[in-house]
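Let me see the structure of the following:
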Amino acid sequence: MPTPEESRNLEVVSKYFEQYWGKANPDIVDELCADDFVINYPMHGPRFGKKDAKKMLSEFKAAFPDISFRAYQHPLIASGPYVVGRWIGGGTHTGVAFHDLAVGSLNEPNTGKVMHFSGTTIFTLRDGKIIDETGEEGALTALQNLGLLPQPNYGKDIKYLHE
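Below is the predicted model:
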């Protein structure tokens, strides 16, 4: 049974994830994140503060207008100030050129390339606010989807169980 703090943290992260990643609503950062919030995914590098987190999502949305992520297979798990969640999602590159990748970039707008990948994120909260979002995304899959890395060997397509 979660403690009251863990229950509150689960509610905060659930709402944040639904709004920020599910509905691409950057304004939720003001409500649910601390001023010193850090968001960090290896394929994009760290973003510091609310303004930078909003900018990151706006850049994604401009390049992938239909971008959306959702919880995948497992419920969120809370332990003290930490909440962990597994997710899946993606979008279609029908917008502007996209350069916010550690490997390669989409130099042309509207390539029509579809990316679909999963990941796991650890959230850290303090006083009911998210202070850190550190994730491990399926970068290899996303980069292959976007044509920036070679595709898997024949018969070795990347598949997700129970999608």
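
Please make it C-alpha for all contacts and neighbour counts, starting now.
Noted.

Quick check: mean pLDDT of the helix or strand harbouring residue 132?
According to DSSP states H and E, residue 132 maps onto strand 129-137. The predicted model assigns strand 129-137 a mean pLDDT of 95.

Show me how far the next helix or strand along the chain from it is from its chain's centre.
Using DSSP H and E, the helix or strand that follows strand 129-137 towards the C-terminus is helix 139-145. Offset of helix 139-145 from its chain centre (Cα atoms, centre = their mean, to the nearest Å): 14 Å.

on contacts alone, who are the packing partners of helix 139-145?
strand 114-126 (3 or more Cα pairs under 8 Å, 6 or more residues apart in numbering; DSSP states H and E).

Next, find the distance separating the nearest residue to residue 29 once chain neighbours are set aside from residue 36.
Nearest residue to residue 29 in three dimensions, chain neighbours excluded: residue 50, at 6.2 Å (Cα to Cα, 6 or more residues apart in numbering). Separation of residue 50 from residue 36 (Cα to Cα, to the nearest Å) stands at 7 Å.

What of residue 10?
20 Å.

Compare the two (neighbour count), which wins?
residue 10 (26 against 11; other Cα atoms under 10 Å).

For the more buried one, give me its contacts.
Residue 10 makes contact with 76-78, 83, according to Cα atoms under 8 Å, 6 or more residues apart in numbering.

For it, what is the enclosing helix or strand?
Secondary structure assignment for residue 10, by DSSP H and E: helix 4-16.

What is the following helix or strand past that helix packed up against?
Next helix or strand after helix 4-16 toward the C-terminus (DSSP H and E): helix 28-32. The contact analysis (3+ Cα pairs under 8 Å, 6+ apart) places helix 28-32 against helix 4-16, helix 49-63.

residues of helix 28-32 that come out buried?
Buried residues in helix 28-32, counted by 16 or more other Cα atoms under 10 Å: 28-29, 32.

just those now: which is nearest residue 14?
residue 32 (10.6 Å; Cα to Cα).

burial measure for the nearest residue to the closest one once chain neighbours are set aside, as a count.
Distances taken as Cα to Cα, 6+ apart place residue 129 nearest to residue 32, at 5.3 Å, with adjacent residues excluded. Counted with other Cα under 10 Å, residues neighbouring residue 129 total 22.
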